[in-house]
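Peer 1: Requesting a structural model of the entry that follows:
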Amino acid sequence: MYCAAFEGSRLIASGDLAEVTRAAKEVLARGARAPVLVFDNETSRVVDLDFREPEAQAAAAEAEPEKRPVGRPKLGVVPKEVTLLPRHWEWLGRQPGGASVTLRRLVDEARNVSAEKDRLRQAQESAYRFMSAMAGNEPGFEEALRALFAGHRLRFEDLVRDWPIDVRDHALQLAGQAFE
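Peer 2: This is a model prediction of the structure:
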């Protein structure tokens with residue numbers, strides 16, 4: 001996982017999780033002057049870091065009982081519940097290969113049809129999450145969000161111009177994927 005750590009509005013590290021964790025730990029050890037937040041670079045969700053020593057992490061993992069996975073985990077198959085109406089189950093039952101094969105095929109077809117739209121939406125949501133956490137009090141924040149979701153790159157860039165440099169640059173990087 002690649003992520004970015006901020007101390008307040010200052011970027012302190014960006015890269016793989018281990019590298020960013022070390023940098024965040026150093027900042028916290030010397031007494032951070034502002035809150036330290038770490039974001040997943042793909043989704044912009046806040047990442048909870050585990051600062052325990054590796055030995056403590058191993059002991060904690062050993063203390064947790066091992067659960068036997070359900071399904072066929074080596075193949076990546078994960079069982080989950082699907083609720084359908086009787087007419088849907090009847091139709092699925094008449095399809096060649098049965099319900100599971102048909103559902104997988106339908107999902108793959110839908111993913112292919114909406115792939116670009118989904119990628120754009122995910123990029124917008126990622127930029128939105130980061131901006132909401134880091135720039136909610138910055139001037140032009142709400143207008144910048146409107147520009148992001150409307151696809152107005154130049155307007156967005158103009159509105160974030162005066163934000164703290166590291167926050168602005170990270171927001172521009174995330175939003176750039178939404179404007180492609």
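Peer 1: following the lowest-mean-pLDDT helix or strand in the chain, which helix or strand shows up next?
Peer 2: Here the helix or strand of the chain ranked lowest by mean pLDDT, DSSP states H and E is helix 54-63, holding a mean of 52. Toward the C-terminus, helix 54-63 is succeeded by helix 86-94 as the next helix or strand (DSSP states H and E).
Peer 1: chain center to that following helix: distance?
Peer 2: 35 Å (C-alpha atoms, centre = their mean, to the nearest Å).
Peer 1: Could you point out which residue ranges in this protein have low pLDDT?
Peer 2: The model of the chain has pLDDT under 70 over residues 52-73.
Peer 1: 90 instead?
Peer 2: 1, 18, 32-33, 49-84, 92-93, 97-101, 104, 110-116, 177, 180 (pLDDT under 90).
Peer 1: Got the domain ranges for it?
Peer 2: The chain breaks down into these domains under automatic domain parsing: 2-63, 116-179.
Peer 1: can you map out the helices along this protein?
Peer 2: 17-29, 54-63, 86-94, 98-113, 115-134, 141-150, 153-160, 165-179 (DSSP state H).
Peer 1: quick one: which of these is nearest Asp48?
Peer 2: helix 17-29 (10.7 Å; C-beta to C-beta). For the C-beta atoms, the positions are set from N, CA and C on the backbone; glycine is no exception.
Peer 1: Please render the domains of the chain as CSV that adds mean neighbour count and distance to Leu85 to the earlier fields.
Peer 2: Listed next are the domains of the chain as CSV, based on neighbours: other C-beta atoms under 10 Å; distance: least, C-beta to C-beta, whole Å:
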stretch, mean neighbour count, distance to Leu85
domain 2-63, 15, 33
domain 116-179, 17, 26
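Peer 1: Same list (those domains) but as a markdown table, adding distance to Gly98.
Peer 2: What follows is those, written out as a markdown table (distance: least, C-beta to C-beta, whole Å):
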| stretch | distance to Gly98 |
| --- | --- |
| domain 2-63 | 34 |
| domain 116-179 | 27 |
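Peer 1: quick one: which of those domains is nearest Thr83?
Peer 2: Judging the domains of the chain by C-beta to C-beta, what sits closest to Thr83 is domain 116-179, at 23.0 Å.
Peer 1: end-to-end on that closest one?
Peer 2: End-to-end span of domain 116-179 (C-alpha to C-alpha, to the nearest Å): 12 Å.
Peer 1: How far away from the center of its chain is that domain?
Peer 2: 15 Å.
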